[in-house]
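Undergrad: Any chance you could fold what I've pasted below:
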Amino acid sequence: MKIGLIGNPNVGKSLIFSHLTGIGVEISNYPGTTVDIHSGVACIDRTSVEITDLPGIYSLDGEADEERLVRDMILSNSFDVIVVVLDATHLERNLYLLLQVLEHHIPVMAVLNMADEAEKQGLHIDIKTLSQMTGVPVLLTSATLGKNIAEIIPVAKLRATTGTYQVAYDRHIEAAVRTLMRVSANDPTRVKALLALQGIGTDPSLLEAAKTISSEMDEEHRMPVSMLLAGNRHHAASEIKQKIVTKTPVKEMFGLDNWLLKPFPGIPIMVLTLLTMLLAVFFIGSFFEELIVEAFEIWVLAPLAAASLDPLVYELLFSFIIAIQAGLGIAFPFVFTFYLLMSVIEDTGYMSRIAFLADRIMHKFGLHGQAIIPMVLGLGCNVPAIMAIRQIGTKRERHIAAFLITMVPCSARTVIIAGIVSVFVGLYAALSIYLVILVLILLTGFILSRFTPGNQLGMVLEVPPLRRPIPVMVLKRAWINIREFLVIAMPLLMVSSVFLGLIGFYGYLEIIEAVTAPLVHDILGLPPFASTALLFGILRKEMAFETLVVLAGTANLPEVMTKIQLYIFALVSTLFVPCVSTIAVLYREQGLKTAALISLYTVFLGFTAGAVFHWLSSHGFLF
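TA: Here you go, the predicted structure:
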């Protein structure tokens with residue numbers, strides 16, 4: 001048996017899914033999209049039940065990836081039962097989606113979640129009347145308290161049925177539906193005729209006939225058919241709500257939102273929260289990074305170096321272990337800490353408040369408020385920041401965010417800036433690198449917002465009530481996300497590391513150095529060995545610093561390089577190609593084309609910035 005969970009965002013659907021499936025969850029991509037689908041299995045009465053947590057949507061007739069995904073899966077009869085999860089505190093808006101699902105004439109049950117919050121607001125819902133009106137079973141639940149969650153699968157299995165409620169549409173729409181069902185050669189269903197009137201479907205003849213009819217209706221009503229349909233559904237949802245919901249007056253309480261949603265003190269609180277989160281990711285990640293890296297050095301790499309192995313075998317093993325060290329020792333601590341904190345912020349409901357406050361600022365970059373979290377967390381590590389862009393609404397915005405995040409100086413790049421420029425050149429010179437990067441990010445965001453294809457849609461943001469996070473659910477959500485990093489990014493990192501090790505073993509790095517040295521020397525004014533250090537920085541950003549020290553033969557770099565050379569090297573390293581872990585996650589989230597495009601752009605940006613500073617220094621404008 002296959003069950004699909006569908007509902008608006010922030011209705012507690014994913015929490016219900018976690019209750020039903022536990023921690024054994026599979027994450028997959030729907031073909032042709034970057035939308036994740038979470039699937040799990042529950043066993044009820046010795047029967048295996050596959051449960052799928054579909055993306056949160058408001059409608060089945062939109063054109064966002066998530067809406068098309070859910071609509072296609074329902075039209076293809078992918079599930080035996082659809083469980084529609086509704087927010088009991090915002091029932092009218094949630095009923096809109098239920099009415100759309102009922103039009104597909106598939107077995108359905110409705111789950112009214114957040115019953116405890118509805119009770120606190122003085123809302124009393126007559127679920128018996130709602131069940132009689134819609135013709136489907138209705139269950140009142142509270143996912144945060146675990147109330148009635150165990151009843152969902154038995155009710156879905158035994159009582160789910162096709163609904164009897166039908167929205168009374170405008171007479172012109174009803175006439176158009178009857179006409180389309182009669183004239184089309186493929187005998188379309190009522191719901192397919194309704195979708196065709198909005199230009200949605202795969203039947204060319206049906207779409208052509210619907211286009212003619214809908215254009216006439218648009219002229220007559222002076223509004224698109226989609227707006228007529230939406231208006232009729234909202235009216236039906238309002239009528240149902242009035243018949244089943246009664247409200248008892250409750251005492252008004254002073255809420256935190258009086259502070260959190262206003263520019264003051266909301267913005268200072270947001271900045272403090274994000275800064276605290278960033279510092280927590282940085283310090284906790286750095287602490288565990290140091291422990292893990294040191295453990296690898298002592299217990300794995302040192303014995304490997306002491307063993308008398310064949311040079312090729314040693315190089316392969318060394319490259320493989322270095323990749324594991326980079327993934328588990330560097331990316332993993334930051335990624336896991338990030339997802340723990342993100343889960344807490346999401347579960348409390350504060351994420352929506354951050355997005356609301358940051359929306360106006362992020363519009364300057366062609367983004368919405370949701371992008372502020374990945375951008376800030378990129379300062380800790382670009383890997384979790386790139387993984388976090390999936391929460392951003394449109395493909396256009398995810399594309400812009402991916403470009404900008406890879407330019408944000410992560411903690412590894414900070415090691416280069418602090419270890420080279422701050423120590424050997426000066427603190428103000430180190431801070432100026434951050435200023436240069438900020439200017440480049442602003443310019444890149446401005447340009448991308450003007451030329452990236454796709455429409456910049458408005459942000460309709462739902463602000464859920466503040467809640468106390470549940471530790472078990474926070475850990476489950478963090479584990480689901482971190483497991484994807486371990487399964488997908490780690491293998492790519494290992495393969496890339498071994499590849500770099502092999503080309504170094506067979507002398508190709510020396511050839512690359514010989515080819516690039518004149519370019520590095522003439523354009524950037526750097527010594528020839530700096531090109532090799534830049535290449536090793538692709539594996540791990542701080543390795544550019546480490547390799548430079550090894551190749552220079554001294555940790556006192558001013559003995560072999562001038563101050564401006566050290567400054568340019570740090571600037572180019574910071575802007576240069578992202579590390580392998582970031583490229584792997586870019587490939588996973590955005591595809592090969594975008595990952596390659598971003599890599600080439602950062603190479604161009606790094607060399608251009610370095611060349612400009614070399615020219616300025618050679619003409620006496622800089623130190």
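
Undergrad: Now do the buried residues in the host helix or strand of residue 96.
TA: Assigned by DSSP states H and E, residue 96 falls within helix 91-102. Buried positions in helix 91-102, judged by neighbour count with 16 or more other Cβ atoms under 10 Å: 91, 93, 94, 95, 96, 97, 98, 99, 100, 101, 102. (C-beta placed from N, C-alpha, C; glycine too.)

Undergrad: distance of residue 174 from residue 362?
TA: Residue 174 is 43 Å from residue 362, where distance means Cβ to Cβ, to the nearest Å.

Undergrad: quick one, which of the two is more surrounded?
TA: residue 362 (22 against 13; other Cβ atoms under 10 Å).

Undergrad: Quick check, that one in contact with residue 373.
TA: No. Applying Cβ atoms under 8 Å, one finds residue 362 not in contact with residue 373, separated by 10.5 Å.

Undergrad: And the contacts of the helix holding residue 96?
TA: For helix 91-102, contacts defined as Cβ atoms under 8 Å, 6 or more residues apart in numbering pick out 6-8, 11, 57-61, 74, 82, 84, 86-87, 108, 110, 112, 125, 134-136, 162-163, 165-167, 230, 233-234, 236-238, 240-241, 244-245.

Undergrad: now the next helix or strand after it, how far from the chain's geometric center?
TA: As assigned by DSSP H and E, the chain's next helix or strand after helix 91-102 is strand 108-113. With Cα atoms, centre = their mean, to the nearest Å as the basis, strand 108-113 stands 27 Å off its chain's centre.

Undergrad: how many neighbours does residue 293 have?
TA: By other Cβ under 10 Å, 17 other residues sit near residue 293.

Undergrad: My guess is residue 226 contacts residue 62. True?
TA: No. In this structure, residue 226 is not within contact of residue 62 by Cβ under 8 Å, at 9.3 Å.

Undergrad: Please enumerate the helices of the stretch 451-600 of the chain.
TA: Assigned by DSSP state H, counting those that start in this stretch, the helices in the stretch 451-600 of the chain fall at 471-484, 490-505, 508-519, 529-536, 541-552, 563-575, 580-590, 592-618.

Undergrad: And those, which one averages the lowest pLDDT?
TA: Note on the helices of the stretch 451-600 of the chain: lowest mean pLDDT is at helix 541-552, with a mean of 69.

Undergrad: and residue 188, what are its phi and psi?
TA: Dihedral pair for residue 188: phi -70, psi 150, per degrees, to the nearest 10.

Undergrad: cool, and residue 42?
TA: Residue torsions, per degrees, to the nearest 10, at residue 42 are phi -120, psi 150.

Undergrad: show me what contacts it?
TA: Contacts here follow Cβ under 8 Å, 6+ apart; on that basis residue 42 touches 20, 21, 22, 48, 49, 51, 153.

Undergrad: which stretches of the stretch 301-450 of the chain have low pLDDT?
TA: Applying pLDDT under 70 to the stretch 301-450 of the chain flags the ranges 326-327, 330-331, 335, 364-366, 368, 377, 380, 391, 393, 411.

Undergrad: Ok, the stretch 51-200 of the chain next?
TA: Residue ranges of the stretch 51-200 of the chain with pLDDT under 70: 185.

Undergrad: could you pull out the strands for it?
TA: 81-87, 108-113, 123-125, 138-140 (DSSP state E, counting those that start in this stretch).

Undergrad: I'd like to know which of the ones you listed lies nearest to residue 562.
TA: In this view, the strands of the stretch 51-200 of the chain are compared for proximity to residue 562 by Cβ to Cβ, and strand 81-87 is the closest at 63.2 Å.

Undergrad: between that closest one and strand 108-113, how many degrees?
TA: Between strand 81-87 and strand 108-113, the angle comes out at 30 degrees (axes from the mean of the first three to the mean of the last three Cα atoms, to 10 degrees).

Undergrad: Count residues in the vicinity of residue 515, would you?
TA: 11.

Undergrad: Check the one 5 residues further on too.
TA: Residue crowding around residue 520 was assessed by other Cβ under 10 Å; the count is 25.

Undergrad: Verify the contact between it and residue 528 for me.
TA: Yes. Using Cβ under 8 Å, residue 520 makes contact with residue 528 at a distance of 6.8 Å.

Undergrad: The longest helix belonging to the chain: how far from the chain's middle?
TA: Determined from DSSP state H, the single longest helix within the chain is helix 263-296. Averaging C-alpha positions (Cα atoms, centre = their mean) puts helix 263-296 19 Å from its chain's average.

Undergrad: packing partners for that helix?
TA: Here helix 263-296 touches helix 257-260, helix 311-326, helix 332-348, helix 350-362, helix 372-377, helix 411-416, going by 3 or more Cβ pairs under 8 Å, 6 or more residues apart in numbering; DSSP states H and E.

Undergrad: circling back to that earlier point, need the worst-confidence member of the contacts of residue 42.
TA: Among those, residue 22 carries the lowest pLDDT, at 71.

Undergrad: Assign the nearest residue to it once chain neighbours are set aside to helix, strand or coil.
TA: Leaving out its chain neighbours, the residue that sits closest to residue 22 by Cβ to Cβ, 6 or more residues apart in numbering is residue 40, at 7.0 Å. On the three-state scheme (DSSP: H, G, I helix; E, B strand; the rest coil), residue 40 is labelled strand.

Undergrad: I am finished for the moment; much appreciated.
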